[in-house]
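[1] Curious how this folds, go ahead:
(chains A and B)
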2 protein chains.
Amino acid sequence: MPNYQAPLRDLRFVMDEMLDYPAHYAGLPGGEEASPYVVAAILEEGARFAREVLLPLNQSGDKEGCLLEGGEVKAPKGFKAAYAQYVEGGWPSLAANPAHGGQGLPPSLAMVLNEMVCATNLAWGMYPGLSHGAADALRHHGTEAQQATYLTKLVEGTWTGTMCLTEPHCGTDLGLIKTRALPSDDGAYAITGTKIFISAGEHDLAENIVHLVLAKLPDAPEGSRGISLFVVPKYLPDDAGEPGERNGVVCGSLEHKMGIHGNATCVMNFDGAKGFLVGKPNKGLACMFTMMNAARIGVGIQGLGLTEASFQNALAYARDRLQMRALDGAKAPEKPADPIIVHPDVRRMLLTQKAFAEGGRMLVLYAAQMIDIVEHGGNAAEKERAETLLGLLTPIVKAFLTEVGFEATNEGVQVFGGHGFIQEWGMEQLVRDARITRLYEGTTGIQALDLLGRKVLMSQGESLKVFTREIHKFCEAEEGNSELAEFVRPLAKLNREWGEMTMAIGMKAMSDREEVGAASVDYLMYAGYVTLAYLFARAAKQARVALSESTQEAAFYRAKLDTARFYYQRLMPRTRAHKAAIEAGAEPLMAISAEDFGLGFEI
Amino acid sequence: MPNYQAPLRDLRFVMDEMLDYPAHYAGLPGGEEASPYVVAAILEEGARFAREVLLPLNQSGDKEGCLLEGGEVKAPKGFKAAYAQYVEGGWPSLAANPAHGGQGLPPSLAMVLNEMVCATNLAWGMYPGLSHGAADALRHHGTEAQQATYLTKLVEGTWTGTMCLTEPHCGTDLGLIKTRALPSDDGAYAITGTKIFISAGEHDLAENIVHLVLAKLPDAPEGSRGISLFVVPKYLPDDAGEPGERNGVVCGSLEHKMGIHGNATCVMNFDGAKGFLVGKPNKGLACMFTMMNAARIGVGIQGLGLTEASFQNALAYARDRLQMRALDGAKAPEKPADPIIVHPDVRRMLLTQKAFAEGGRMLVLYAAQMIDIVEHGGNAAEKERAETLLGLLTPIVKAFLTEVGFEATNEGVQVFGGHGFIQEWGMEQLVRDARITRLYEGTTGIQALDLLGRKVLMSQGESLKVFTREIHKFCEAEEGNSELAEFVRPLAKLNREWGEMTMAIGMKAMSDREEVGAASVDYLMYAGYVTLAYLFARAAKQARVALSESTQEAAFYRAKLDTARFYYQRLMPRTRAHKAAIEAGAEPLMAISAEDFGLGFEI
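    Okay, here's the model as predicted:
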């Protein structure tokens, strides 16, 4: 069975040493609760829960899958008991508002724990995971009564939530949805339609399931401006607020998927189900975006967790597996062959995983500080800046960390050789589970359009400048630091190039809108590599500082520098390929007609 | 269910127009049999077989998998009947020597058909697929009696073959094998040991199974110089040459795998099984390489077939699925949304698949001509040149086409969005099936060492020069052709760079052998991109020639030019990233110690 240890030392490095979380938490209203002592205790307890409770259920859950019988879904063995422990431990309420029964700790802390959950059991993690989005939507847009009825239960964890957006004929293009909401006399609505790909749409972990559903009112305008959001519980709450009458929403079938078998992906049939409007009529899409932004960061964390899980197990295997001798002479002459970690190409794969795990962690924790500030923090100017940066970083966190997460989990399989393809070792499951992260909550292509079209170009590049200015300041401050020159010089150059390239795309896009779509995914990947370069430069600075002081952990800081160097020399150069692809523009993509694509095989 | 049409038009382009197969076949001894008429008829019949017989069994075979009961393995429903049709149709004997019952057609023709098999049912294709390697080993190294007994049956297809190399503790490093061969009085050997990952090791498709097994004689030298090859039949042939007594080799268990579920991947237990030495004692590894080289090209073709299959289905979906409007205005205003093929990023994904499918096809057919010459062809100088080129191209065909095949099948999933993750659509199966191709018959890392270390550097770059000179000559000849300048100029530059970069690696490797391993995989990918660039330039030339004549198929040739352009502008720039990674050298990989890799999580 795969092993896992939460990367507590690396978390401490990023949080305490590099991003100064203690000061960050101390500066948040109510953040004094998150003292270093409390944070450390929570992380350790979370690490234990992930390792001891969730990890043992990951392979068995994948093998067993979910079972639909008579409209009820049974999650794999052990999932329900693990969820009960999770609720018992107070985990769902960790970062929720005390007004709704939460513990009021900063959201970033929940995100750190989420990495551990995703690393050990992604399929399980999606049962509580979807509740956050539903809770967010109700917190921002629900009435007080709705909050009292549903939000408190979601925070407590006794009920879970879903996001019901997709229909058979529409995923990305929600303007096309057909689900209808008919007003009834009691002020409620009768919801009718079919939703697909509903994660945790039906299961036996919680007492009740709270569906947040997009549907159209009878008089709704066409397209995406005519969508409303409804809360539709599986059981209608009775007068005491407990699950009462069964509502008209049932799971019609379960999808058979490539991965995340332990999570129930449901077709949900709404047949005049009783629903209650959340927010204003026809403004549902905006409400839904509240849920989606948090969910997108959450999916990025999934990519990170799977990367770390794959890395740890590939590393153990590479130290253990004996095969061939090192090219420059035996390293373990007493053994029949050397451990494969001596081979440069195996190291390349492991370092790729390591760099993406540590780089991803820095990115998530950097973005998490913005979330803390947006949710709880400081003055208006700080909030605005955090919101802008977070808007820019969200599609990068989501798409970049899932793209490289897929690469990293595949490298894990590759380190295992043929054994990586065998289910028993658990490495191929990480790939299958990782595959969905590039798709759901908006594909990489959609994230890329959000980044380049909506966030960067629609703000005339202003949102990007908030970030590139920060990078520029860092480079300027370290310009004279010869110890960091290997990082700071290439970073400064890349940062300038990013701005210039963005301008160039913007100019081209003015005469041809297709240029945005043509550049988008390469632009997102480019942006991801620059962002990680910035964070690795900061990590290197921190490591240099620690090494210059007397430290008992010199090996840790030297390894951090080695990882940063590997990243700069072997991964960052991928920006060259992305830049060239971006500069090629739309013409090579648009020249061929839809008909002519198939002339090689269509007769 | 996924659809498939063999790319007959594209095959005609590559074979007849670009690589002049008619003249190539006419020049082969016995090649006159392969007249254009015969070739066309065979390809059409093969296309029909793949589409009508194999394709319908692909998803069902994946779902059902193989069943082991009482030492016997049942392949999925329909596999046996399809195999009977295959044998009935004379497919196994197509390219075999008439002396062994073959039809004596060129090997390249069998390779073209193999693309169709791999595109429609990879798991099924591996039952007959492994026989080729076994037959090759017996043809080259077997005694006349062994050939009469086993080879004719393999050629006929009534028996199938396997390659038994891997053991639990060794895959790449065959010097470590423990399986023993004890001489017995009758001149045979008693084989005892355990082999794992044996594809088609046990099944119900054929009357008998011929295992080619690596084992050690009692007095064998240590390591890879002490390995011998044995033929070990499941049933010992009786006096009439028909399956007789059951031999002591049984399937102990089936592996549970990520993909190719329809193929039985067996643990094979040899318990004093009767075996017969093939070739000389202790020279088994050399004999095995005969099997492996053909098998490696075969795996490259698997990557190609899966790429084409994924492309065709993604294309159909992209034309059909309506979602969002084109950024520059509605393209199908009569519909509720535009088909997603209007979106530049969807086109980028489809064109990536298309370019790798068409580029891979050119590469396979280019290498296939070398195989024809090596096996059947011309004078000594031609043979030597073909052998050198084939040696260079084999690891590229194997590793590059499977790496980009994995990318391409993943793009297919991505075009389908969330639906790509659902088994029903068949796109995720292609990814799972493609995943093994990067691993078996030598991982990408092993192929890369073979290319850079064994083929390129051990020949002092001479083998590479055979190829780069050919590219150089092409560029020189087309230098004045302004219509091709967009291809020829960058190609000439890249070709020069390839040579220079190889020299630089060679110099560095003289003082540090680890430089070879550090550069290898990036070098292989770089080599693959240059190779495809050369072939796309030749395709572009051919398309220009056809367009300058009056043709009714101008659209086909324009699409070919568009694809070449896309390749040059959006894929070839990846060489920039690989070059930078190569030039970074071994230092960033070797600096960190094996212990320090885990300091972020190991406490």
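
[2] Going by C-alpha atoms from here, please, whenever you check contacts or count neighbours.
    OK.

[3] Just give me the neighbour total for the closest residue to residue A:503 other than its chain neighbours.
    Ranked by CA to CA, 6 or more residues apart in numbering or on different chains and with sequence neighbours excluded, the top spatial neighbour of residue A:503 is residue A:461, at 7.7 Å. Neighbour count for residue A:461, taken as other CA atoms under 10 Å in any protein chain shown: 16.

[4] Need phi/psi at residue A:461.
    phi 80, psi 0 (degrees, to the nearest 10).

[5] now residue A:97
    According to degrees, to the nearest 10, residue A:97 has phi -70, psi 130.

[6] Which pLDDT value belongs to it?
    pLDDT for residue A:97: 93.

[7] Next up, the contacts around it.
    A:103, A:104 (CA atoms under 8 Å, 6 or more residues apart in numbering or on different chains).

[8] Check residue A:313 too.
    A:2, A:3, A:4, A:412.

[9] ok, and residue A:428, which helix or strand is that part of?
    Using DSSP states H and E, residue A:428 sits in helix A:427-437.

[10] Name the nearest residue to whichever residue of the stretch 301-450 of chain A sits closest to chain B, ignoring sequence neighbours.
    Relative to chain B, the nearest point of the stretch 301-450 of chain A is residue A:422 (4.5 Å; CA to the nearest CA). Closest residue to residue A:422 apart from its sequence neighbours, by CA to CA, 6+ apart: residue B:257 at 4.5 Å.

[11] What of residue A:224?
    Nearest one to residue A:224, counting by CA to CA, 6+ apart, is residue A:175 at 3.8 Å.

[12] Could you report the pLDDT at that neighbour?
    Note on residue A:175: pLDDT of 91.

[13] hang on, it packs against residue A:225?
    Yes. With contact defined as CA atoms under 8 Å, residue A:175 reaches residue A:225; the gap is 7.4 Å.

[14] Which single residue in the stretch 251-400 of chain A comes nearest to chain B?
    residue A:257 (4.5 Å).

[15] circling back to that earlier point, of residue A:175 and residue A:225, which one has the most company?
    Taking neighbours as other CA under 10 Å, residue A:175 and residue A:225 compare with residue A:175 leading, 21 against 17.

[16] which ones are touching the more buried one?
    Neighbours of residue A:175 in contact, by CA under 8 Å, 6+ apart: A:222, A:223, A:224, A:225, A:226, A:227.

[17] just checking, it is part of a helix?
    Yes. Read with DSSP: H, G, I helix; E, B strand; the rest coil, residue A:175 is one of the residues of a helix.

[18] on that earlier part again, contact partners for the residue of the stretch 251-400 of chain A closest to chain B?
    B:421, B:422, B:423.

[19] Residue A:331 too?
    Residue A:331 neighbours (CA under 8 Å, 6+ apart): A:325, A:338, A:342.

[20] let's see 10 Å
    Neighbouring residues of residue A:331 by CA atoms under 10 Å, 6 or more residues apart in numbering or on different chains: A:325, A:337, A:338, A:339, A:342.

[21] just residue A:349 next, same as before
    A:311, A:314-315, A:341, A:355, A:407-408, A:410-412, A:414-415, B:589.

[22] Using the three-state scheme, assign it.
    Once three-state DSSP is applied, residue A:349 turns out helix.

[23] any idea how far it lies from residue A:416?
    Distance, residue A:349 to residue A:416, by CA to CA, to the nearest Å: 11 Å.

[24] Then residue A:24?
    41 Å.

[25] Same question for residue A:569.
    Taking CA to CA, one finds residue A:569 at 25 Å from residue A:416.

[26] Give the rounded mean pLDDT of stretch A:76-83.
    Over the span of stretch A:76-83, the pLDDT mean works out to 98.

[27] Can I get it as PDB, trimmed to CA atoms?
    C-alpha atoms of stretch A:76-83 as PDB (Å, rounded to 0.1, in the frame of the first residue of the first chain):
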ATOM      1  CA  PRO A  76     -17.200   2.300  -0.200                       C
ATOM      2  CA  LYS A  77     -16.600   0.500   3.100                       C
ATOM      3  CA  GLY A  78     -15.200   2.700   5.700                       C
ATOM      4  CA  PHE A  79     -16.000   6.000   4.100                       C
ATOM      5  CA  LYS A  80     -19.000   6.600   6.300                       C
ATOM      6  CA  ALA A  81     -17.100   5.800   9.500                       C
ATOM      7  CA  ALA A  82     -14.200   8.000   8.400                       C
ATOM      8  CA  TYR A  83     -16.600  10.900   7.700                       C
END
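
[28] quick one: contacts of it?
    Contacts with stretch A:76-83, where a contact means CA under 10 Å, 6+ apart, come from A:49-50, A:53-54, A:56-58, A:60-67, A:74, A:84-89, A:91-92, A:123-125, A:127-128, A:157-158, A:203-206, A:261-264.

[29] starting at the chain centroid, how far to it?
    23 Å (CA atoms, centre = their mean, to the nearest Å).

[30] Equivalent analysis for stretch A:295-302, please.
    1 Å.

[31] most neighbours, which of the contacts of residue A:257?
    residue B:421 (26 neighbours).

[32] and the angle from the longest helix seen in chain A to helix A:427-437?
    Ranked by residue count and defined by DSSP state H, the top helix of chain A is helix A:284-320. Interaxial angle of helix A:284-320 relative to helix A:427-437 (axes from the mean of the first three to the mean of the last three CA atoms, to 10 degrees): 160 degrees.

[33] State the mean pLDDT of helix A:284-320.
    On average, helix A:284-320 scores 93.
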